[in-house]
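Peer 1: Next one to model:
(chains A and B)
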Amino acid sequence: MGICLFLNPIKGAGDDLPNVGNHAPDIAQIDHYDLADVDLAPYQALMLPAHLDQRFFGTLSAKIYAFLDDDKTLVFNGHVAWPMLAEFNEFVPLASQSLENLIIHRENDHPVFDGVLTDELTFRRGVAGFYSRGCNPPPDGATVLHSVGPDRLPCDWLYHRPEGGRILMHAGNDLWMYAGSSDSTGRIVPQLCQWASQTCQGEPS
Amino acid sequence: MTPRIAALDSGTYYHHRTLYEPRYRGFFDGIIYTRDLGTIPLDDYDTLIVSCRTDPSVLIGHRDKFAAFLDSGRTLVVMGSTGPGEWLSDVEWHFTPTNFWWWKEGGSLGLHVTAPDHPLFDHITLADATWHHHGHLIIPDGAVSLIDVGDLGSILYDDTVSSKGRKIVTTLDPMYHHGSHFMPATTRFLDGFLPYLKGLAPAK
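Peer 2: Sure, this is the predicted structure:
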């Protein structure tokens, strides 16, 4: 078991975000811009917040690829807007945000979402649209985990890089915004940390 | 003559959508990556927008630059969740727990217009400024609050007295939500607020 390193959101992100450290033991957290200097070797996974300075992160691609090449895990939340990694493609929003377009579909089971009801991803306190409103199109060979809307835009996917490492993509708010939830979405944070802290060496690419 | 407007870009996806996509791109004569602020001169601009949720830790080192900008008679627009008390004089922001669910609970945010004749209200309505707010502001002596929250203070004021320039300060975060394809009121707010800024007189 390795340690998941959570990158804190930029400090303007506001006070409306839960501190994942209150809900997930044995993780590490660093300030946003400290990513440039931190040694990633001790960590098994790097967890990126949706409030990400993508222009800054894009300058670190050599460091991130070296991390992934070492069979580590990268978790991305948010919408891709700036060039960062070759596996990332620019966000495609839903054409319409009517209710049927906001429904989340499970495409493939995955341990991170084990026992999590898709209805409770689609609706939060009866309101749809918190989970995802589009997709960051996956690279060829990725496994789609969830999609959104009747066109089934692939909002969550997992990609094992041929060169090593894996990327879990979530085109929405931080998956850890569900930390401490009383419904089935409360399972996400512990299951995410459990999964991400394990080596992906030997997993099928 | 219309004012030349620059806006700060934090490199986030929501600033990208708001600042670079066609809907509003024409309002911005300059887009400044926040971490480049130290090397970019502001002389060419009449108005600088500190976009909502800009990291205050990146702004603190530029206190003198913001003060000089105002001292030269220009307009500084300060949006929500930017910690302005840390990098700007005469701004007093107070944290308010955010109620995202007031509209589900049958309640109200308690917002009310306090200067209905202000020209901004030729461009927006109170409903366009109503989603949630992350704090309230103490109104400087002589400044004009446009929208108050209960009797706590302002969520949007216009201050032409505490400096030689103009400060338009709000606790609202429209760029974040518009940029997230979330909350239509935030798009309506920007649809009116940016034309209002473009209609202000340029700095002399």
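Peer 1: which residue is nearest the middle of chain B?
Peer 2: Most central in chain B under C-alpha atoms, centre = their mean is residue B:79, positioned 3.0 Å from the mean C-alpha point.
Peer 1: Residue B:168 is in contact with that one, correct?
Peer 2: No: using C-beta atoms under 8 Å, residue B:79 is not in contact with residue B:168; the gap is 9.2 Å. Every residue, glycine included, has its C-beta placed from N, CA and C.
Peer 1: ok, residues contacting the lowest-mean-pLDDT helix or strand in chain A?
Peer 2: When the helices and strands of chain A are scored by mean pLDDT, DSSP states H and E, strand A:127-128 comes last with a mean of 84. For strand A:127-128, the external contacting residues (C-beta atoms under 8 Å, 6 or more residues apart in numbering or on different chains) are A:99, A:102-103, A:122, B:104.
Peer 1: what pLDDT, on average, does the helix or strand just after that strand get?
Peer 2: Counting by DSSP states H and E, the element after strand A:127-128 in chain order, helix or strand, is strand A:134-135. Averaged across strand A:134-135, the pLDDT comes to 98.
Peer 1: So which bits of the lengthiest helix in chain B are buried?
Peer 2: Counting by DSSP state H, the longest helix found in chain B is helix B:184-198. Buried residues in helix B:184-198, counted by 16 or more other C-beta atoms under 10 Å in any protein chain shown: B:185-194, B:196-198.
Peer 1: Mind telling me the two of these farthest from one another?
Peer 2: B:185 and B:198 (20.6 Å; C-beta to C-beta).
Peer 1: list the contacts for residue A:30?
Peer 2: Residues in contact with residue A:30 (C-beta under 8 Å, 6+ apart) are A:5-8, A:38.
Peer 1: May I ask which of these has the most neighbours?
Peer 2: residue A:6 (24 neighbours; other C-beta atoms under 10 Å in any protein chain shown).
Peer 1: What's the separation between it and chain B?
Peer 2: 17 Å (C-beta to the nearest C-beta, to the nearest Å).
Peer 1: What of residue A:189?
Peer 2: Residue A:189 is 20 Å from chain B, by C-beta to the nearest C-beta.
Peer 1: I'd guessed that residue sits against residue A:25; true?
Peer 2: No: under the criterion of C-beta under 8 Å, residue A:189 makes no contact with residue A:25, lying 10.8 Å away.
Peer 1: So which of the two has more stuff around it?
Peer 2: With neighbours defined as other C-beta under 10 Å, residue A:189 and residue A:25 compare such that residue A:189 has more, 23 against 8.
Peer 1: In space, what's closest to the more buried one - neighbours in sequence excluded?
Peer 2: Of all residues not flanking residue A:189 in the chain, residue A:179 sits nearest, at 4.6 Å (C-beta to C-beta, 6 or more residues apart in numbering or on different chains).
Peer 1: That neighbour: neighbour count?
Peer 2: Neighbours around residue A:179, by other C-beta under 10 Å: 21.
Peer 1: Kindly report the same for residue A:103.
Peer 2: By other C-beta under 10 Å, 19 other residues sit near residue A:103.
Peer 1: What of residue A:138?
Peer 2: Neighbours of residue A:138 under the rule other C-beta under 10 Å: 21.
Peer 1: SS state for it?
Peer 2: Following DSSP: H, G, I helix; E, B strand; the rest coil, residue A:138 is assigned to coil.
Peer 1: residue contacts, it?
Peer 2: A:89, A:144, A:154, A:157, A:159, A:169 are the contacts of residue A:138 under C-beta under 8 Å, 6+ apart.
Peer 1: And it, how close does it get to residue B:138?
Peer 2: Residue A:138 sits 49 Å away from residue B:138, taking C-beta to C-beta, to the nearest Å as the criterion.
Peer 1: again, but for residue B:190
Peer 2: Using C-beta to C-beta, residue B:190 is found at 26 Å from residue B:138.
Peer 1: Same check on residue A:109?
Peer 2: Plainly put, residue A:109 is 53 Å away from residue B:138 if you go by C-beta to C-beta.
Peer 1: The two: which is more packed in?
Peer 2: More neighbours surround residue B:138 than the other of residue A:109 and residue B:138, with 16 against 9 (other C-beta under 10 Å).
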